[in-house]
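Visitor: what would the 3D arrangement of this be:
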Amino acid sequence: MPSAEAGSALNRAEEIDPVYLIHAIIDSRWMIIVITAIVTLFASLYVLLETPVYQASALIQLEAKQGNGLFRNLGQILTDSQPLSAPETVLLKSRLLLGKTVDDLGLQIHVEPDYFPVVGRGLARLSGHRPGEVKVRVFSLQARENDVSRVVLTVRDGMHYQITRDGTTLTGTRGERLEGGGIVLEVSEINALPGSRFVLTRIPRLQAVTRLQETLRISEQGKNTGMLSLTLEGDDPQLISRILNTLSRHYVSQNIARQVAQDQMSLDFLNRQLPEVRAALDSAEDKLSAYRKQNNSVDLSLEAKSVLEQLVNIDNQLNELTFREAEISRRFRKEHPVYRALLEKRSALRKEKEKLNARVNGMPSTQQSVLRLSRDVESGRLVYQALLNRQQELSISRAGATGNVRIIDEAVTLPEPVRPRKLLTVLMGFLGGGMISTGVIVLRLLFRRGTESPEQLEAAGISVYACVPAASCVEKGTLRRIKSRPDTLLAVAAPSDIAVEAIRGLHTSLNYVMAEAGNNVLMISGASPGAGKTFISTNLAQVVAGTGKKVLLIDADLRRGYIHRLSGGEEGEGLSGILSGRCSAGQARRSTGQSGFDYIGRGRALSHPSGLLMQPRFAGLMEQLCPQYDLVIIDTPPILAVTDAAITGRYAGTVMLVVRFGKDSVADVMASVKRFEKSGVKVKGCVLNGVVKTAGNSYRYGTCYYDYFPAENEKDGDA
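Guide: Reported below is the predicted structural model:
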């Protein structure tokens, strides 16, 4: 059993280093080429068949708001009057504007040729086929709101068409409204050949708006520039330009309508206030006139006139601040610097007004009364005149409203599609194929279980006596001959094959190993089915017989043995017949035609032969046959599959285990050895069969074999 050092060495042998990975990639180069070619081919097909996507763009300028007539001069005290792009971006993508665009362009109605699914559109585009065009002005269906209804329209000629829906067929005429079967349809134009089929689809209005919201992109060029860039992608270059232009016009119209509505609200407010202000002015004038008549036309002194002018000016400023506060309060809190500046200015004016009122209180009572009445008249007159002026300004502004947005660039569609990017897509497919194939190789290396070198087995404490490469069949026609005649052994058909040379090396090693064995019986088994134990057994027997020794090959795989076929014999009585007492060893033994090479086949196949192998007849058979031959080889079934090999191994002086390269793991081999040991059978070593020479193995472990054969023109000459 392996020690701790052997386990550590085994782990080191299982590590993947970069150089080994490179060699493994070189070994799998054809797989990489195939996978990369397939992925690149699919990427090329995608580029050819995918519908091109175009992009249209427009540019809109958003100017700073100037306010209406009531607040025209508000910008003098506002410090952040930059255009607000974020709210306008949301407005542009609102259902209000996009819904109008959908209605104007009929985006709920989709008319497209009836293409073959998935690839039909691409094939039609590649072939240059133009299916024509059908324009629909009105299309409605009696269906639930969220249903997507489909109608097939077939062109009969330039004036007539036929529609089909759920088995119902109707015929219509261009320019006339067709009603029937829950369908209302009006075709405005037909530009297609007779027999052309088109699919009419109507989607809900909200779904059409949502699609526009998902594909419309709005961004501001620069920071606080007020320049909004609108981009839209679609497969119809003319349609996406019309959508952007229609949306831009609706946006400008909405902006103008909003300003007009704001001016109208202010105008309505002035119209309500003007009669009240005029009545207050008339009342103040009447009071002043009556007071002067009562007091014989008292005139104001120069000082009083000066104070009056200052008071009227302060009242006028306070009225202006009141209007400004109404606008500022809608945009800022009282803690904002702009709002605080307004309040501070109002406080200063009120203090100044209190000082002037104190001066007025120091004047004679007649002068005080005349001054206050005159102040009311002058203030009322200024307010009334200001309101009249602003009423006229609002009327002019409403009549000539232009809004604070304008279209700088009309929508233009780029002539080249933005997707798919042909060269980039094909390049990504090429790189992706390479990455996928390389990933497969790395995963295969990470999760590999099979033994790939003798060092792995030796690190686990198991001796390796031979590495048998996969047969190369170097002689011309050998492979074809073996396939046509399954009874031909490799050692006979291709005696110079590298696999046969490796078996000769195994024979040499066995001469030294079996010299110390208790008898001349060699049992060959495998860890699992497919290890190649029968291949090793039969060809080893042929090689030994070729040296002039007598060899007996016994097929102890009583379930699935087929040595009788490889040796050219027929299925008859064999080992099962000997153990059952139906025949003797002489009757079951047959010759292969090679001098000194006899075999005993399995005989009749049995499902449970373990009982026969445990009978004394098998031991007696070994005692009878061993003296008659130089070497007795017993081919047994895999030890991990059945226990027959453990029973047979008790009569063998030497036990060899065949391990399949790349298939049987080290753990399987160790489990096989342990199972033999539990039955009292000691495994002398193993044979690594089917070794494939790769760049990775040559780099990491060295090679198990070398080629040393004469050239074709030197085979009959001296070496």
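
Visitor: going by C-alpha atoms from here, please, whenever you check contacts or count neighbours.
Guide: Noted.

Visitor: residues contacting residue 85?
Guide: Listed by C-alpha atoms under 8 Å, 6 or more residues apart in numbering, the contact partners of residue 85 are 62, 220, 224, 226, 228.

Visitor: distance of it from residue 101?
Guide: Residue 85 sits 21 Å away from residue 101, going by C-alpha to C-alpha, to the nearest Å.

Visitor: of the contacts of residue 85, which is the nearest to residue 505?
Guide: Closest approach between the contacts of residue 85 and residue 505, by C-alpha to C-alpha: residue 220, at 81.4 Å.

Visitor: my guess is the closest one meets residue 231, correct?
Guide: No: in this structure, residue 220 is not within contact of residue 231 by C-alpha atoms under 8 Å, at 11.5 Å.

Visitor: distance of residue 263 from residue 389?
Guide: Distance from residue 263 to residue 389, by C-alpha to C-alpha: 14 Å.

Visitor: may I have whichever strand or helix holds residue 675 as CSV, with CA atoms only?
Guide: Here residue 675 sits within helix 666-678, counting by DSSP states H and E. C-alpha atoms of helix 666-678 as CSV (Å, rounded to 0.1, in the frame of the first residue of the first chain):
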residue,chain,number,x,y,z
VAL,A,666,-4.9,5.1,-9.7
ALA,A,667,-7.7,4.6,-7.1
ASP,A,668,-9.2,1.8,-9.2
VAL,A,669,-5.8,0.1,-9.4
MET,A,670,-5.2,0.4,-5.7
ALA,A,671,-8.7,-1.0,-5.0
SER,A,672,-8.0,-4.0,-7.3
VAL,A,673,-4.7,-4.7,-5.5
LYS,A,674,-6.5,-4.5,-2.1
ARG,A,675,-9.2,-6.9,-3.3
PHE,A,676,-6.6,-9.4,-4.4
GLU,A,677,-4.7,-9.1,-1.1
LYS,A,678,-7.9,-9.8,0.9
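
Visitor: downstream of that helix, the next helix or strand is which one?
Guide: Following helix 666-678 in sequence, per DSSP H and E, is strand 685-691.

Visitor: that following strand to helix 666-678, inter-axis angle?
Guide: Orientation of strand 685-691 against helix 666-678 (axes from the mean of the first three to the mean of the last three C-alpha atoms, to 10 degrees) gives an angle of 150 degrees.

Visitor: tell me how far the residue nearest to the spatial centre of the chain lies from residue 30.
Guide: Among the residues of the chain, the one closest to the centroid is residue 432, at 12.2 Å (C-alpha atoms, centre = their mean). Per C-alpha to C-alpha, residue 432 is found 16 Å from residue 30.

Visitor: next one: residue 563
Guide: 37 Å.

Visitor: give me the more crowded residue out of the two.
Guide: Between residue 563 and residue 30, residue 563 has the larger neighbour count (other C-alpha atoms under 10 Å), namely 26 against 11.

Visitor: pretty sure that one contacts residue 557?
Guide: No: contact criterion C-alpha under 8 Å: residue 563 and residue 557 do not qualify, at 9.3 Å.

Visitor: just to revisit the earlier point, now name the helix or strand holding the residue nearest to the centre of the chain.
Guide: If you go by DSSP H and E, residue 432 is part of helix 422-446.

Visitor: I'd like the next helix or strand past that helix.
Guide: Counting by DSSP H and E, the next helix or strand C-terminal to helix 422-446 is helix 454-459.

Visitor: tell me what the helix holding residue 432 is packed against?
Guide: Applying 3 or more C-alpha pairs under 8 Å, 6 or more residues apart in numbering; DSSP states H and E, we find helix 422-446 packed against helix 18-27, helix 29-49.

Visitor: what's the mean pLDDT across it?
Guide: Averaging pLDDT along helix 422-446 gives 88.

Visitor: now do stretch 152-169
Guide: 88.

Visitor: now that stretch: buried residues?
Guide: Under the neighbour-count criterion of 16 or more other C-alpha atoms under 10 Å, stretch 152-169 has 152-157, 160-164 buried.

Visitor: just name the closest of those residues to residue 609, please.
Guide: Closest approach between the buried residues of stretch 152-169 and residue 609, by C-alpha to C-alpha: residue 152, at 72.6 Å.

Visitor: what is the three-state secondary structure of that closest one?
Guide: On the three-state scheme (DSSP: H, G, I helix; E, B strand; the rest coil), residue 152 is labelled strand.

Visitor: equivalent analysis for residue 524, please.
Guide: Residue 524 ends up strand, using three-state DSSP.

Visitor: which residues does it bridge with?
Guide: Listed by DSSP bridges, the beta-bridge partners for residue 524 are residue 635, residue 656.

Visitor: where's it relative to residue 655, distance?
Guide: According to C-alpha to C-alpha, residue 524 and residue 655 sit 6 Å apart.

Visitor: repeat that for residue 100.
Guide: Distance, residue 100 to residue 655, by C-alpha to C-alpha: 90 Å.

Visitor: ok, residue 641 next?
Guide: 17 Å.

Visitor: quick one, which of the two is more surrounded?
Guide: For residue 641 versus residue 655, the count of surrounding residues by other C-alpha under 10 Å is larger for residue 655: 25 against 13.

Visitor: check contacts around the more buried one.
Guide: With contacts defined as C-alpha under 8 Å, 6+ apart, residue 655 is in contact with 522-525, 649, 681-685.

Visitor: pLDDT and distance to residue 269 for the residues you listed - can I get that in a markdown table?
Guide: As requested, those are exported to a markdown table (pLDDT from 0 to 100; distance: C-alpha to C-alpha, whole Å):
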| residue | pLDDT | distance to residue 269 |
| --- | --- | --- |
| 522 | 95 | 118 |
| 523 | 95 | 115 |
| 524 | 95 | 112 |
| 525 | 94 | 108 |
| 649 | 91 | 115 |
| 681 | 93 | 113 |
| 682 | 93 | 113 |
| 683 | 93 | 111 |
| 684 | 93 | 112 |
| 685 | 93 | 109 |
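
Visitor: tabulate the helices and strands packed on helix 422-446 (TSV), appending mean pLDDT and distance to residue 469.
Guide: Below are the helices and strands packed on helix 422-446 laid out as TSV (pLDDT from 0 to 100; distance: least, C-alpha to C-alpha, whole Å):
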stretch	mean pLDDT	distance to residue 469
helix 18-27	76	16
helix 29-49	91	21
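
Visitor: quick check: which of those helices is buried the most?
Guide: Greatest average neighbour count among these goes to helix 29-49 (a mean of 17), per mean count of other C-alpha atoms under 10 Å.

Visitor: what angle do that helix and helix 18-27 make?
Guide: 70 degrees.

Visitor: for the contacts of residue 85, which one is nearest residue 592?
Guide: Of all these, residue 220 has the smallest distance to residue 592: 92.1 Å, by C-alpha to C-alpha.

Visitor: beta partners for the closest one?
Guide: Judged by DSSP bridges, the bridge partners of residue 220 are residue 228.

Visitor: quick one: contacts for it?
Guide: 85, 226-229.

Visitor: ok, 10 Å please
Guide: Remark: with contacts taken as C-alpha atoms under 10 Å, 6 or more residues apart in numbering, residue 220 is in contact with 59-61, 85-86, 89, 226-230.

Visitor: of the residues you listed, which belong to helices?
Guide: Judged by DSSP state H, helices contain the following of those: 85-86, 89.

Visitor: got a markdown table for those residues, with distance to residue 594 too?
Guide: Listed next are the ones in helices among the contacts of residue 220 as a markdown table, based on distance: C-alpha to C-alpha, whole Å:
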| residue | distance to residue 594 |
| --- | --- |
| 85 | 98 |
| 86 | 97 |
| 89 | 95 |
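
Visitor: what strand or helix carries residue 189?
Guide: Taking DSSP H and E as the criterion, residue 189 maps to strand 183-191.

Visitor: for whichever helix in the chain runs longest, packing partners?
Guide: Looking across the chain with DSSP H, the single longest helix is helix 237-294. Contacts defined by 3 or more C-alpha pairs under 10 Å, 6 or more residues apart in numbering; DSSP states H and E place helix 237-294 against strand 54-62, helix 85-92, helix 95-105, strand 227-234, helix 365-399, strand 405-413.
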